[in-house]
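One predicted model, sequence on top.
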Amino acid sequence: MEKLDIPQGTLDLMILTILVREPMHGYGVSQRLAALSRGEFQVNPGSLFPSLYRLEQDGKLNAEWRPTENNRRAKYYRLTAAGKRQLEQHRERWSRATFAVTCVLEGA
Amino acid sequence: MTLLHRLRSIVLWIARRNSAERDLNDELQAFVDMTAADKVRAGATPAEARRLAVLELGGLEQIKEQVRSGRHGGWLDVAGRDVSYGLRQVRRNPAFFGVAIATLALGIGGLTAMYSTFDAVLIRPLPYTEADRLVMIWDALAKTDITSKGNSTPAEWIEWRRLNTVFTDLAATQPGDATLSGDGDPEQVPSRKVTWTFWSVLGTPPTLGRVFTEDEDLKRVRVVVISYGLWQRRYGGAPDIIGRKISLNDEAYEVIGVMPRSFYFMPSREIDLWMPASFPEWMRANFTWHDAQIVARLKPGITLQQARQAMTSLSLQVTAKDFRGPHSVIVTPLREEIAGKTQTALILLLSASVALLLIACVNLTNILLSRGAARRREVAVRLALGAGRGRLVRQFLTESLVLAALGTLTGLALAVPAMRFLERLVPEAMSAGRVTLDWRVLAFSTAVAIAAAVTFGLAPALRGSRVAPQEGLGGGRGTAGARSHAFQHSLIVVETALAVVLLVCGGLLLQTFRHLRNTDLGFKSERLLTFETPLFRYQDFDRRIAFVNAEIENVRAIPGVVSAGAINVIPFTNTATATFYLLEGQPKNGFVGQVALIRNVSRDYFATIGAQLREGRFFTASDRKSSLRVAIVNELFANRHFAGRSALGQRFKFGQLDDDGHWFTIVGVLKSIPESGVLEETKPAVYRVRDQCEQIDDLSAGIVVRTAVEPASIVPAVRQAIWSLDRNQPLARIQTMEALVDRQLSTPSQSTTLLGAFAFLALLLASLGIYGVLSYAVTQRTNEIGVRMALGATAGRILVSVGRRGLELTLCGLAIGLVLAVIASRLMTALLYGFRPDYAATVAVVSVVLVGIAAAACFVPARRASRIDPVLALRHE
């Protein structure tokens, strides 16, 4: 089945959501995203990494190099306090937006 | 995110760029490794897993690029990368970029130097309050021969001040050079007598002390304001100068103020003293005493045009009862007055330097276009690897900017010494040494450099980035399309046309300069020393005559001196001293418009300067005070009134024209001497012997010395000779006659040299441009030419076919340039000083030179084309 495009502006929200549970590296984020979306979303590294770097530069994420469970070195991203605040704001706005869209769709 | 935070993060990113780059690389590697590991776990072979993982990642470099440009300040990073790439290109092709940078340096350096001069003379504020509200007012003596723009009279100043409605105030200044003595060597100091309103009209406060008041002016109090220069030079900047008494013309004046260093005013930056005008009573009502220059400040809201109208009608009203008839006035902005003819010269030269820069840009465009074609493969590779077209255009433009920056730096290095030369273009009425490379000029050069980079870089960038990857990678032989040729060819036409305009204008100026240089002075100017000895110390007429005679005697006794003579106004130093005259038999009102220069000379003056007689005799010892009053006139005067018959024995009056005036009998006709200067029209002139003049005419004696040795070498001896007569006698304006001649020619000589240089460089660059484009075309067409030769075309035919294209373009540019040159030469009429250069000859010479040089530029590549070996050319395939 054809994969869905990630809706505009939601990639940051999903990255933050995945990372709020535990710090993770880029590959982990892409795998988790695919799994959580039941395979509907497949994030392209060309979108994922620019997003991660921008969030890091904006102070929403911290990064550190750590060994993985398979003893490789990987760059782990962790949410900062600012990142948590942004996640809450975005989540709330997202729920309102999806609710509004649903209302429109069902009311029509 | 706040701006500050954002800035900080940009700075941090740039500071940590290298480690961040490594991070990114490692992270992407890790991504590939983990993807591959998962695939192996799912059953793929390690090699297969790795291949799939790389595929899944997409282009490694593309992702890096997206990450880089995605973050804040990413553009900076990218620009930095482009700049260093550009610099690497420069290092790799030193010859190519050397030519490009030198071309640009000439263009930008020339424009910067010209602009700084232009800025100093025409843009920078003058040292007065709201200087653009200041105007000068001149009498319009249009009916006279001498000048249409004459000095005004103090009496007019008084009336204008009383009756005008357009000025807040007016000020009058009069010549008043004074002898400063008592506190060092006697010195003749350039000075002006000014009305008390001078200070309020200009609005420049003194740097020390105060200026004088209305009361001091009217009550003839002896006070004086001095220049910063005089204060430093003669008084060592002594702070107690205020209140000190100095001796001016043997009278004690109190120094009450020192003007700022930047202050100067018409007619010359050399004025060192300003004293109260204190007009004597007889002058206040005399409407014929034309020795005042008037400066006035426009009332707020009054335009120049309104002031002109108001002053014209006021002047006609004020002079309604003038026995010469009423006259109008000319009102001009002060800035225009100060800049004078330099304005036209500067505008012309600035335009020329802009044209030169345009030519330089055109050449660079052509060079870069050719280079762009050579870089097609590189561009194709980068496009294939995922670079966007916008990204490539940006990179090419950055390279152009790098080129422009290097060219500008080199250009500035050239401009600084050029400015020292250009300083001589600053008019005499302006303060000296003001041409500098300040931030305004630097800002200008930077703007020019960016504009130039876009001008010459944009077309090659757009064209160079438009490559289809498969085409660029496939053939490797790429032939530029016809369109690209047409574009390059039109550029050649443009630069040739510009060069033609500069060459024609330069040719016209050169002819004019040669004409001026060869003006017949009517005497022998070499080995003549001139100086002035003011005679205020000898109020008695007979003592003046005696003193000057003694001066001449003493100077003549100096070894190396052949002869010496005296004249009231040394040639080329003053245009004013003139008078109305009336010929015998003319009706009383027939004199209107008859004005002649008037000069009083010693008997041996004409012999000393080597003047030539056309008719009659020079003055002799028999022409004494008591004998028949005689005069010598110049040829112009004689021809005007006595054409076809002898002027000898004719009589005329001048100065005092009524019945009390004396008749002068013409005893000689002189070959005309351009007394007011070679740039001015020669005027009718009357000479009389000193002994027969009125006392008032001889305020200062100019002494002219003919030497057998280098004139400057006798200056110390001359000083001693005069000081042995009177230790307090100053000598002013000691200079050789040749220096006087040269000084007049300084503006024409400068503008001719500069325009000539610009024209030469333009020609050089244009021919380089033609050469470059043709050579490039030959390189590109090697195959085609090879095929044609293999099919039987002779070397001669190839030579003609390649060379003809270049010559066609040259002729096309020549035609357009000649049309533009007609327009340009109209704009420079003021620089031709009334001379009519031979336009046809200029055009002919320029055409021959241009076609000749262009032919040479075409011949070299054409010949190379004709020598192509078909076998080698085709193997090239």
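That came through, no problem. Numbers count the residues shown, from 1 in each chain, chains lettered A, B, ... in the order given.

Quickly note the distance from A:Leu13 to A:Ala97.
A:Leu13 sits at a distance of 11 Å from A:Ala97 (criterion: CB to CB, to the nearest Å). All C-beta spots, glycine's among them, are computed from the backbone N, C-alpha and C.

Of these two, which one has the most company?
A:Leu13 (17 against 12; other CB atoms under 10 Å in any protein chain shown).

in what helix or strand does the more buried one lie?
helix A:11-21 (DSSP states H and E).

so how far is that helix off the chain centroid?
3 Å (CA atoms, centre = their mean, to the nearest Å).

which helices and strands sit right next to that helix?
Counting contacts by 3 or more CB pairs under 8 Å, 6 or more residues apart in numbering or on different chains; DSSP states H and E, helix A:11-21 packs against helix A:26-36, helix A:45-57, strand A:73-79, helix A:81-107.

Same list (these) but as JSON lines, adding distance to B:Leu799 and mean pLDDT.
Formatted as JSON lines, the helices and strands packed on helix A:11-21 follow (distance: least, CB to CB, whole Å; pLDDT from 0 to 100):
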{"stretch": "helix A:26-36", "distance to B:Leu799": "65", "mean pLDDT": "87"}
{"stretch": "helix A:45-57", "distance to B:Leu799": "56", "mean pLDDT": "85"}
{"stretch": "strand A:73-79", "distance to B:Leu799": "67", "mean pLDDT": "88"}
{"stretch": "helix A:81-107", "distance to B:Leu799": "74", "mean pLDDT": "89"}
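
and the gap between the nearest residue to B:Pro427 once chain neighbours are set aside and B:Ala415?
Nearest residue to B:Pro427, sequence neighbours excluded (CB to CB, 6 or more residues apart in numbering or on different chains): B:Thr342, at 4.6 Å. As defined by CB to CB, B:Thr342 lies at a distance of 19 Å from B:Ala415.

Check the burial of residue 38 by counting its neighbours.
Since you didn't name a chain, this refers to chain A. Quick note: A:Arg38 (other CB under 10 Å) scores 7 neighbours.

my question was about chain B
B:Asp38, neighbours per other CB under 10 Å, totals 14.

Next SSE downstream of the strand or helix carrying it?
Using DSSP H and E, B:Asp38 sits within helix B:17-41. Per DSSP H and E, the first helix or strand lying C-terminal to helix B:17-41 is helix B:46-57.

chain center to the following helix or strand past that next one, what's the gap?
The first helix or strand that comes after helix B:46-57 along the chain, using DSSP H and E, is helix B:60-70. From the chain centre to the centre of helix B:60-70 is a distance of 53 Å (CA atoms, centre = their mean).

now check helix B:60-70, is it near chain A?
Yes - Helix B:60-70 lies within reach of chain A by CB under 8 Å from any CB of the partner chain, at B:62-63, B:66-67, B:70.

For these, pick the one with the most neighbours.
When neighbours are counted by other CB under 10 Å, B:Val67 leads the residues of helix B:60-70 next to chain A with 24 neighbours.

And what about B:Val709, helix, strand or coil?
coil (DSSP: H, G, I helix; E, B strand; the rest coil).

Let me fix that, I meant to ask about B:Ala95.
Assignment for B:Ala95 (three-state DSSP): helix.

quick one: pLDDT of it?
You'll see B:Ala95 listed with a pLDDT of 74.

Repeat that for B:Thr682.
Reading off the model, B:Thr682 has pLDDT 83.

And for it, the neighbour number?
Per other CB under 10 Å, the neighbour tally for B:Thr682 reads 19.

where does it land in three-state SS?
Classification of B:Thr682 by three-state DSSP places it in coil.

for A:Asn62, same thing?
Classification of A:Asn62 using three-state DSSP returns strand.

Test my guess that it contacts A:Leu55.
No - with contact defined as CB atoms under 8 Å, A:Asn62 does not count as touching A:Leu55 (10.1 Å).

out of those two, which sits in the busier spot?
Higher neighbour count among A:Asn62 and A:Leu55: A:Leu55, with 24 against 13, using other CB under 10 Å.

In the stretch 651-800 of chain B, what residue lies closest to chain A?
B:Gln780 (38.7 Å; CB to the nearest CB).

about what we covered before: ok, now how distant is the residue nearest to B:Pro427 from B:Gly507?
Taking CB to CB, one finds B:Thr342 at 21 Å from B:Gly507.

now swap in B:Ser751 and tell me
13 Å.

again, but for B:Pro125
For B:Pro125, the distance to B:Gly507 equals 37 Å [CB to CB].

Of those two, which one has the most company?
Ranked by neighbour count (other CB under 10 Å), B:Pro125 and B:Gly507 place B:Gly507 first, with 25 against 10.

How about the more buried one, nearest residue that isn't a chain neighbour?
According to CB to CB, 6+ apart, the nearest residue to B:Gly507 is B:Thr842 (3.9 Å).

Tell me how many other residues crowd B:Arg377.
15.

Ok, B:Trp439 next?
7.

want to throw the helices and strands packed on helix A:11-21 into TSV with distance to B:Ala708?
Below are the helices and strands packed on helix A:11-21 laid out as TSV (distance: least, CB to CB, whole Å):
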stretch	distance to B:Ala708
helix A:26-36	98
helix A:45-57	87
strand A:73-79	95
helix A:81-107	96
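
about what we covered before: is it true that the residue nearest to B:Gly507 touches B:Leu509?
No - B:Thr842 is beyond contact range of B:Leu509, at 9.9 Å (criterion: CB under 8 Å).

Those two - which one has more neighbours?
Between B:Thr842 and B:Leu509, counted using other CB under 10 Å, the more crowded position is B:Leu509 (27 against 21).

Go ahead and confirm B:Ile734 touches B:Phe531.
Yes - applying CB under 8 Å as the test, B:Ile734 and B:Phe531 come out as touching, 4.2 Å apart.

chain center to stretch B:497-510, what's the gap?
The chain centre lies 17 Å from the centre of stretch B:497-510; the measure is CA atoms, centre = their mean.

With stretch B:274-293 instead?
35 Å.

Would you mark the buried spots in it?
For stretch B:274-293, burial by neighbour count (16 or more other CB atoms under 10 Å in any protein chain shown) applies to B:274-279, B:283, B:287, B:289-293.

Find the pair from those residues with maximum spatial separation.
Based on CB to CB, the longest span within the buried residues of stretch B:274-293 runs between B:Trp274 and B:Phe287 and measures 25.1 Å.

Heading C-terminal from the helix-or-strand element of chain B with minimal mean pLDDT, find the next helix or strand.
Across the helices and strands of chain B, mean pLDDT, DSSP states H and E gives its lowest value to helix B:469-474, namely a mean of 59. Next helix or strand after helix B:469-474 toward the C-terminus (DSSP H and E): helix B:482-517.

Now do that next one: distance to the chain's middle.
Between the centre of helix B:482-517 and the centre of its chain there are 21 Å (CA atoms, centre = their mean).

Next: stretch B:238-246.
On the basis of CA atoms, centre = their mean, stretch B:238-246 sits 39 Å off its chain's mean C-alpha point.

outside of that stretch, which residues touch it?
If you take CB atoms under 8 Å, 6 or more residues apart in numbering or on different chains as the criterion, stretch B:238-246 is touched by B:180, B:182-183, B:208-209, B:224, B:226, B:231, B:235, B:252-258.

Going through the residues you listed, which ones are buried?
Buried by 16+ other CB under 10 Å: B:180, B:208-209, B:224, B:226, B:231, B:235, B:253, B:255-258, out of the contacts of stretch B:238-246.
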